[in-house]
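Asker: sharing a sequence plus its predicted fold:
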Amino acid sequence: MDNTYDYIIIGAGSAGCVLANRLSADPANRVLVLEFGGSDNSIFIQMPTALSIPMNGTKYNWRYFTDPEPGLDGRRVHCPRGKVLGGSSSINGLVYMRGHAHDYDEWQELGARGWSYADVLPYFQRAEAWKDGGDQWRGGDGPLATNAGNQMKNPLYRAFVDAGHEAGYVTTDDPNGQLQEGFGPMHMTVKDGRRWSTANAYLKPVLSRPNLTVLTRAMTRRVILSGKRATGVEYDHDGQRHTAHARGEVLIACGPIGAPHLLQRSGIGPAEVLRTAGVEVLHDLPGVGENLQDHSEVYIQYACKEPITLNGKMGLLSRFLIGVEWVLFKRGLSVTNHFESGGFIRSDASLKWPDIQFHFLPAAMRYDGKKPLKGHGFMVLTGPNKPKSRGHVRLRSADPHEQPAILFNYLAREEDRDGFRRCLRLTREIVAQPAFDRFRGVEIAPGAEVQTDDEIDAWVRETMESTYHPCGTCRMGEDAMAVVDSDLKLRGIEGLRVIDSSVFPAEPNANLNAPTIMLAERGADLVLGRPLLPPSNAPVGEAPGVGLTQRSGKPVRTAIRK
């Protein structure tokens, strides 16, 4: 019986660690977790400011790349995914953003029954330990610690919020609370100066449970089917092939690239895709690997007239001293991801909820930390948060080590191209406000000479990057292209669920780590057959403007509707 478990979880990432904790809480449940990555015991993972190192290396990152993207002049785009305990929560930018209430109402409208905002808010709360305690919107005693970093000590953070207000937008004290829309602080998953990944928050506290087995360096080759039921998995570990059997269910939690790739290797997916790769078709499910979507962004950079930016901290000595301060005291610039203020606005005031997100950084550099500006600068990272373009993930062979074909089809839709034009023009209006007068120097990127639609489009094609929020490849719903139902069960196969961001019907208007953790919290209750938490009646803040026209140069001034 040593190789038989009640639940087999594939992937110890943002969702898998949550599932491991919640399912093993009952001593009667024997749980196996298979993770191909290794330990997260690295200073570069645990120190928040070092985020660019694990995200851009190969030790902790699958380091996927897309096929040549037609909408980006054939460029191949990096798509990092965590290959380590904690998964992408161990290598991401640590941003904690839930999304707008209407994002989840949209899920329900798209066929994800029971996933409205009222339904999911209690699970956001159950997961979270907000620094100020719980209320109608925030959780106070969950495993996942969230805070506001260094409280926007650098004056550039406050200048960005003030400039947004001067440009005519609302401000919000808590974008994860009643009102997401507007300019305000951004929150992060940090506790006592450390990255608070799901490995730290959920997995490590329960590793001593005798009914929980976690294997690292374990590559799951396929899900084993007996007819139309999943009965176990085949995996490689320590140079040997193994089989583990599931009395209850197999739970796939290996993310929006890994989940469809594993299903396709197991003979589950679009029949023609499987045949082309030489895999026997065991269950023709056309939606597996389709509906791939992602947030993408551009960097709008300005010189700074005062020497107060992070560009002055990029030297070897400065970085060494920041690291020493973290090792000794867990304080200072080392304990933040530096995205301490941001904003959510509508690209047009007739929209129902925001579709543009801003991350503000008091530095001018690439997200991977390369090629920082010589001198001082700041930048706004922005892009359309409700993309219309869709792509796919398709296996090339049954070899689990051969990376799948990934194509996002970035900028395939005119709505997305127009969205970037709006992002640039609206950002310029915001940075042109008086709050930035003492700081704002020349526009470095794209440069003041980039003005027309054609010039903006060319710059976006050349410089646009992923925001690292892929999702949707095992979409939840009720139509023929849906992969899982609203209980996260694979359509047509018993004993198999997918519980990660691949099931999102559409991108939330936010970073995806918080929604993924919420999904796993609710998914655990579904797996265990427990009564779901009762829906919330917390009100949703709105910044009205529906029916008005927002135009470049004069954004609509809005106010909070109580």
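Answerer: Here it is on my side, so go on. Numbering: from 1, shown residues only.
Asker: for the rest of this, base every contact and every neighbour count on C-alpha atoms.
Answerer: Noted.
Asker: endpoints of stretch 143-152, how far apart?
Answerer: Stretch 143-152 has an end-to-end distance of 25 Å (criterion: CA to CA, to the nearest Å).
Asker: again with stretch 280-296
Answerer: End to end - CA to CA - stretch 280-296 spans 35 Å.
Asker: so residue 44 belongs to a strand, correct?
Answerer: No: using DSSP: H, G, I helix; E, B strand; the rest coil, the assignment for residue 44 is helix, not a strand.
Asker: where along the stretch 51-200 of the chain do the strands fall?
Answerer: 64-65, 78-79, 95-96, 128-130, 144-146, 182-185, 187-188, 190-191, 194-195 (DSSP state E, counting those that start in this stretch).
Asker: so in that sheet, which strands flank the third one, and in what orientation?
Answerer: Looking at strand 95-96 with DSSP bridges, its paired strands and their directions are strand 187-188 (antiparallel).
Asker: cool, and the fourth one?
Answerer: Each strand that strand 128-130 pairs with, and the sense of that pairing, follows from DSSP bridges: strand 144-146 (parallel).
Asker: still on that earlier bit, export the strands of the stretch 51-200 of the chain to JSON lines and tack on mean neighbour count and distance to residue 356?
Answerer: Shown next, in JSON lines, are the strands of the stretch 51-200 of the chain (neighbours: other CA atoms under 10 Å; distance: least, CA to CA, whole Å):
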{"stretch": "strand 64-65", "mean neighbour count": "18", "distance to residue 356": "25"}
{"stretch": "strand 78-79", "mean neighbour count": "19", "distance to residue 356": "21"}
{"stretch": "strand 95-96", "mean neighbour count": "24", "distance to residue 356": "16"}
{"stretch": "strand 128-130", "mean neighbour count": "23", "distance to residue 356": "25"}
{"stretch": "strand 144-146", "mean neighbour count": "24", "distance to residue 356": "23"}
{"stretch": "strand 182-185", "mean neighbour count": "27", "distance to residue 356": "10"}
{"stretch": "strand 187-188", "mean neighbour count": "25", "distance to residue 356": "17"}
{"stretch": "strand 190-191", "mean neighbour count": "23", "distance to residue 356": "25"}
{"stretch": "strand 194-195", "mean neighbour count": "26", "distance to residue 356": "27"}
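Asker: for those, give me JSON lines that also has distance to residue 333 and mean pLDDT.
Answerer: Output for the strands of the stretch 51-200 of the chain, formatted as JSON lines (distance: least, CA to CA, whole Å; pLDDT from 0 to 100):
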{"stretch": "strand 64-65", "distance to residue 333": "30", "mean pLDDT": "98"}
{"stretch": "strand 78-79", "distance to residue 333": "27", "mean pLDDT": "96"}
{"stretch": "strand 95-96", "distance to residue 333": "16", "mean pLDDT": "98"}
{"stretch": "strand 128-130", "distance to residue 333": "21", "mean pLDDT": "97"}
{"stretch": "strand 144-146", "distance to residue 333": "17", "mean pLDDT": "97"}
{"stretch": "strand 182-185", "distance to residue 333": "17", "mean pLDDT": "96"}
{"stretch": "strand 187-188", "distance to residue 333": "14", "mean pLDDT": "97"}
{"stretch": "strand 190-191", "distance to residue 333": "13", "mean pLDDT": "97"}
{"stretch": "strand 194-195", "distance to residue 333": "12", "mean pLDDT": "97"}
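Asker: can you say which of the ones you listed is nearest to residue 417?
Answerer: The closest of the strands of the stretch 51-200 of the chain to residue 417 is strand 78-79. By CA to CA, the value is 20.0 Å.
Asker: show me the shaky parts of this structure.
Answerer: 1, 367-372, 544-562 (pLDDT under 70).
Asker: let's see that with 90 instead.
Answerer: For the chain, the stretches with pLDDT under 90 are 1-2, 56, 132, 149-151, 168, 313-316, 347-352, 365-374, 542-562.
Asker: thinking again about what came up before, now the strands of the stretch 51-200 of the chain in CSV, with distance to residue 136?
Answerer: CSV is the format used below for these (distance: least, CA to CA, whole Å):
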stretch, distance to residue 136
strand 64-65, 39
strand 78-79, 36
strand 95-96, 18
strand 128-130, 12
strand 144-146, 16
strand 182-185, 19
strand 187-188, 18
strand 190-191, 22
strand 194-195, 26
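Asker: nearest to residue 430, of those strands?
Answerer: strand 182-185 (10.8 Å).
Asker: noted, bye for now.
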